[in-house]
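Kindly return the folded structure for what I paste below:
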Amino acid sequence: QVELVQNGGQLVQTGASLRLSCVASGSAVSSYNMGWFRQAPGKEREFLAAIHWRGGITVYGDSVKGRFVIDKNNAINILYLQMNNLEPGDTAVYYCAAGLSQNYKDYAAYEYWGQGTQVTVAS
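Just a heads-up that it's a prediction; the model follows:
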């Protein structure tokens, strides 16, 4: 069993940067691949980024490539999403997730999810 607790969401202005974090705990948590998704009202859950459990491989969604960076600290089991140059279109509820599959972009491949955190980007 893995538990994911998120924090860091808030209201920011266009062009701002924000870092989300996701604290992971539980059995063998460091062996899980980790990902970030978001969901805006009326839209499907969108893949943003994922990182292999060893940390050497990262994958990004096209909409955030070059602006968002995923990273994790294996020593303390915290996953991060650094978001730069935020736009109003980034407004959504953001979720971290953990899974054993390397099908990183498919939300159905993740077994555990954080509670979600709201990010709002004002124009």
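
going forward, measure contacts between C-alpha atoms and count neighbours the same way
Fine.

Could I get the contacting residues of the most centrally placed residue in the chain?
The central residue of the chain, meaning the one whose C-alpha is nearest the mean C-alpha position (Cα atoms, centre = their mean), is W36 at 2.3 Å. Neighbouring residues of W36 by Cα atoms under 8 Å, 6 or more residues apart in numbering: 47-50, 81, 94-97.

any idea which element it lies in?
strand 33-39 (DSSP states H and E).

Quick check: next helix or strand after that strand?
Scanning onward from strand 33-39 (DSSP H and E), the first element met is strand 46-51.

Report all helices and strands that that next one contacts.
For strand 46-51, the helices and strands in contact under the criterion 3 or more Cα pairs under 8 Å, 6 or more residues apart in numbering; DSSP states H and E are strand 33-39, strand 58-60, strand 68-73.

any idea which of these is most buried?
Among those, ranked by average contacts under mean count of other Cα atoms under 10 Å, first place goes to strand 33-39 (a mean of 25).

where exactly do the strands run in the chain?
If you assign secondary structure with DSSP state E, the strands in the chain sit at 2-7, 11-13, 18-26, 33-39, 46-51, 58-60, 68-73, 78-83, 92-99, 112-113, 117-122.

can you redo the ones you listed as TSV with distance to K105 and mean pLDDT?
Formatted as TSV, those follow (distance: least, Cα to Cα, whole Å; pLDDT from 0 to 100):
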stretch	distance to K105	mean pLDDT
strand 2-7	19	95
strand 11-13	27	97
strand 18-26	18	96
strand 33-39	8	97
strand 46-51	6	97
strand 58-60	8	96
strand 68-73	14	96
strand 78-83	16	97
strand 92-99	11	97
strand 112-113	14	98
strand 117-122	20	97
